[in-house]
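Engineer: Got a sequence here, can you model it:
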Amino acid sequence: MIHLTILFQTIVIIIICVVGGKESLNLTEDLIKSLDQKSITSLNGTDWLCLSSSHSDVKLVRPNEIAQCLCLMNLQCTKLVNDENLSKIEPKIWLRCHNIQHEANVLKEIFEAIPNRWISLFDQDAIKCFENRDEDSGEQRETKLRLDFVRSNQTIILKYIEQIDRSFSYHLDSLSIVESNLETIPFWLMNRFHQLTYLNLTSNQLRDFNFPPIDINFRESSQLAIVDLSHNHIENVNLHSFRSLLSIDLSNNSLTTLSKESLPEKFVEQFEKIKKIDHRNILDLNIGNNPWNCDEKIDWLINSITDIVEINGNSYFHEPDDNRFGHSQRKLELFQTNEPECNLPLRGKYFPFSVWKSIKETLLCEQCDCSLMRQYARIGFRYVTVNCSNRNLFSVPTKLPKNTKILDLSNNQIRNLSALSKSHGQSPKWRHVSQIILSNNSLEALDGLDFIRSIVYLDISGNLLTEIPYYIINKVLSDKIDKFRMGLNPYVCDCNTVKMQKWMQNNYRIILDIKHVRCGNLRDELSQNESHNPIVVQAQQSEFLGREILHINAAHLCPSGDHLDALDILNIVLLISIVLLLLKVLYDFCWQKRTGKLPKFFKLNI
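Structural biologist: Next comes the predicted model:
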């Protein structure tokens, strides 16, 4: 019964191919045991054969029968995928094949019978060979080959490449050896294939890609434009001889340094000129995820990438348009990638190149601790914390490293913020500062703080502040701020405190030390050292000394109830002026109605 079923399937296939005029034969997932002379005699003209899927049970296409059969000699495309039982196929059926795909089969036989005009490159994993022929003229010409090896044996790979090298009818245009545990690249490989334009050696075990000086003829004729060495263990690389390079991917390796001399001169020259990144850039250098030693040896690289970042806002690299070289067609687009980071020196560990350069050029970081905020780095932001606590500073630093997020100036001797008043607060390097800690200094005023509009956390506790001016409340303590410390200051509680108290009542949730916001309240150190300071003396003479400002009755702070500030006085003056003007107009109108004469004020002598 089983034999009858198999015979029936074969007959159906033959009928379809003959009657239906089919030019393709798909045996995918059929349970055919074998193909012999009788079952394929009627397949004349078939140009596409597919034996795919582990469900197929084809064990043997008999060589002696196929050799005598011309019906499959017109095959132009053959696909053999995942056939666990297919172990041998007569090679002569592929004399006319242009495209043969062989993946994940047990078939291992080398097809030595194939003429030199076609070269078979097969392995038990995944190897593809593509041949481009001149279909119009039908003439034999030198053919460009593209070879893709995936998870393949090194010995077989090199054997086939040597086979191509011995042929005068082919030149290797594209070579990919991926995930094949490749440890070395023979020198002869690069020296012979000077027409190679694309080389992909990603995800292997390479430790270096450093060839000795190649002869002058090779350097002049080398056409290698794209090289991908990513995801290896490369510690040393030298691509100087490949003058046509446009795209270099060295990411995810073990590189600690990269000299100019290891890259083509023209590539380095053009890369250093790159400023604005857009789709017109043809150079691509990806060096991310390497343990870089950020010393003077790679200053040229750090400077170039920093220039790109400064202009473009982030480090961008464009994906090469492979279609220019006849490879996979991918849409050309910009995409953001992680900026290369330092691994050494230790104080620069994890710093992106551009931030590390800023750190080195900022003298402040020689006196203070400048470190990377790792919690932000995990989500793609490279923010810096500058810790200048307990450094005996007498003024606010005028220059900060790039991307400073937190500035800690606590426990110093700072008395004013005048440095910020001189437009430093508007500097781009202050743009990201969102947390400023000024606690335990000797600040007497907050002039200059209003220049920084990005503050979300502010600590001014433990200073000599007697009030928080309304313009600070209006500009700095706006909706953006969400945490605030203002206690342990000798606030003078009078009519000027009413507006500050009202703001406190509306925003008490963000004031972390609200119980320490008291009249005339001083930290112990200032009580001893500033006891003769007029500010301290005035604050400690207040009748509300030591009381929480939040809970003092506003009527008690300003007993008259008619406390006027400058704006109130101005409004009153304007109101009185308007009333007087209206009275004057009304008087003149009555005068004119009664006497018929204009008021003397409007009388003109003509």
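Engineer: Need the pLDDT of the nearest residue to residue 539 once chain neighbours are set aside.
Structural biologist: Distances taken as C-beta to C-beta, 6 or more residues apart in numbering put residue 490 closest to residue 539, at 3.5 Å, once the chain neighbours are dropped. For the C-beta atoms, the positions are set from N, CA and C on the backbone; glycine is no exception. In this model, residue 490 is scored at 92, pLDDT.
Engineer: Tell me how far residue 490 lies from residue 309.
Structural biologist: Per C-beta to C-beta, to the nearest Å, residue 490 is found 46 Å from residue 309.
Engineer: And the two? Which one has more around it.
Structural biologist: residue 490 (27 against 21; other C-beta atoms under 10 Å).
Engineer: who's in contact with the more buried one?
Structural biologist: 464, 465, 466, 520, 521, 522, 526, 535, 536, 539, 540 (C-beta atoms under 8 Å, 6 or more residues apart in numbering).
Engineer: Among those residues, which lie within helices?
Structural biologist: Per DSSP state H, helices hold the following members of the contacts of residue 490: 526, 535, 536, 539.
Engineer: Turn those residues into CSV, columns for distance to residue 228.
Structural biologist: Output for the ones in helices among the contacts of residue 490, formatted as CSV (distance: C-beta to C-beta, whole Å):
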residue, distance to residue 228
526, 64
535, 68
536, 69
539, 70
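Engineer: Against residue 229, how distant is the nearest residue to residue 520 once chain neighbours are set aside?
Structural biologist: Distances taken as C-beta to C-beta, 6+ apart put residue 539 closest to residue 520, at 3.9 Å, once the chain neighbours are dropped. According to C-beta to C-beta, residue 539 and residue 229 sit 69 Å apart.
Engineer: Could I get the CA-only coordinates of whatever helix or strand residue 158 lives in as CSV?
Structural biologist: When elements are assigned from DSSP states H and E, residue 158 belongs to helix 154-166. Output of helix 154-166 as CSV, limited to C-alpha atoms (Å, rounded to 0.1, in the frame of the first residue of the first chain):
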residue,chain,number,x,y,z
GLN,A,154,37.8,26.8,8.3
THR,A,155,39.6,24.1,6.3
ILE,A,156,36.8,23.8,3.7
ILE,A,157,36.5,27.6,3.5
LEU,A,158,40.1,28.1,2.6
LYS,A,159,40.1,25.2,0.2
TYR,A,160,37.3,26.6,-1.8
ILE,A,161,38.9,30.1,-1.8
GLU,A,162,42.1,28.6,-3.1
GLN,A,163,40.0,26.8,-5.8
ILE,A,164,38.7,30.2,-6.9
ASP,A,165,42.2,31.6,-6.9
ARG,A,166,43.4,29.0,-9.3
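Engineer: tell me the average confidence for it?
Structural biologist: 76.
Engineer: which helix is the longest one in this protein?
Structural biologist: Longest helix in the chain, counting by DSSP H: helix 566-595.
Engineer: buried stuff in stretch 194-213?
Structural biologist: For stretch 194-213, a neighbour-count test (16 or more other C-beta atoms under 10 Å) marks 194, 196-204, 206, 209, 211 as buried.
Engineer: Of the residues you listed, just say which sits nearest to residue 241.
Structural biologist: residue 211 (6.7 Å; C-beta to C-beta).
Engineer: Let me see the contact set for that closest one.
Structural biologist: 187, 190, 191, 238, 241.
Engineer: now for those, which pair is the farthest apart?
Structural biologist: It's 191 and 238 that sit farthest apart of those, by C-beta to C-beta, at 13.9 Å.
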